[in-house]
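Participant: fold the following for me, if possible:
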Amino acid sequence: MTVQALDIYQTFLDEMGAAVLAADSDAFAARIFLPHVIETETFRVLLESRENVVRQFHGFCGALRGHGVDAYIRIARRARFDGPDRIEGEHETFLMSGSSLVVPRFSNTASLEWRGDVWGCTVSRHHARYIAWPDLLPRVNT
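Facilitator: Modelled structure (predicted):
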């Protein structure tokens with residue numbers, strides 16, 4: 001059976017989304033390969049240490065909690081192999097509280113690499129005007 005790039009990409013999105021909702025920084029950080037680049041329409045962040053990844057992760061989880069996000073849905077739209085150990089993919093993100101969108105859906109791309117025995121992300125691009133993960137949503141006091 002041949003594994004398709006889109007299946008690998010969607011599985012990665014689902015597993016990372018589950019880590020975010022569970023606030024499981026270990027599971028999340030294990031799949032963010034360093035150095036990791038986060039790009040938006042207005043900013044670029046280079047993460048070079050696990051500590052930076054975990055700090056960004058907790059900021060993002062805090063923002064989601066502060067806005068009552070209970071569903072972090074990412075739908076893979078396209079993915080292709082770029083060699084045997086690299087996938088380039090596109091997906092849409094839906095941040096939900098109950099049945100309502102917290103922010104308008106937005107498009108993303110990600111570069112995945114196979115290292116050791118796991119797929120992880122080296123570059124994530126969010127087609128939105130935000131600085132970094134904690135700033136995808138307005139800050140609120142929690």
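Participant: and the lowest-mean-pLDDT helix or strand in the chain, which strands flank it?
Facilitator: Using mean pLDDT, DSSP states H and E, strand 44-47 stands out as the lowest-scoring helix or strand of the chain, at a mean of 88. Strand partners for strand 44-47, identified by DSSP bridges, are recorded as strand 32-39 (antiparallel).
Participant: now do the partner strand, average pLDDT.
Facilitator: Here strand 32-39 scores 94 as its mean pLDDT.
Participant: contact partners of that strand?
Facilitator: For strand 32-39, contacts defined as CB atoms under 8 Å, 6 or more residues apart in numbering pick out 44-50, 53, 56, 113, 115, 120-126, 132-133. Backbone N, C-alpha and C define where each C-beta goes, glycine included.
Participant: sitting in helices, which of those residues do you find?
Facilitator: 50, 53, 56 (DSSP state H).
Participant: picking up where we left off before, may I have the least confident helix or strand of the chain as PDB, with CA atoms only?
Facilitator: Written as PDB, here are the backbone C-alpha positions of strand 44-47 (Å, rounded to 0.1, in the frame of the first residue of the first chain):
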ATOM      1  CA  ARG A  44       9.100  36.100  10.400                       C
ATOM      2  CA  VAL A  45      10.100  34.300  13.600                       C
ATOM      3  CA  LEU A  46      13.100  31.900  13.800                       C
ATOM      4  CA  LEU A  47      12.900  29.400  16.600                       C
END
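Participant: many thanks, we can stop here.
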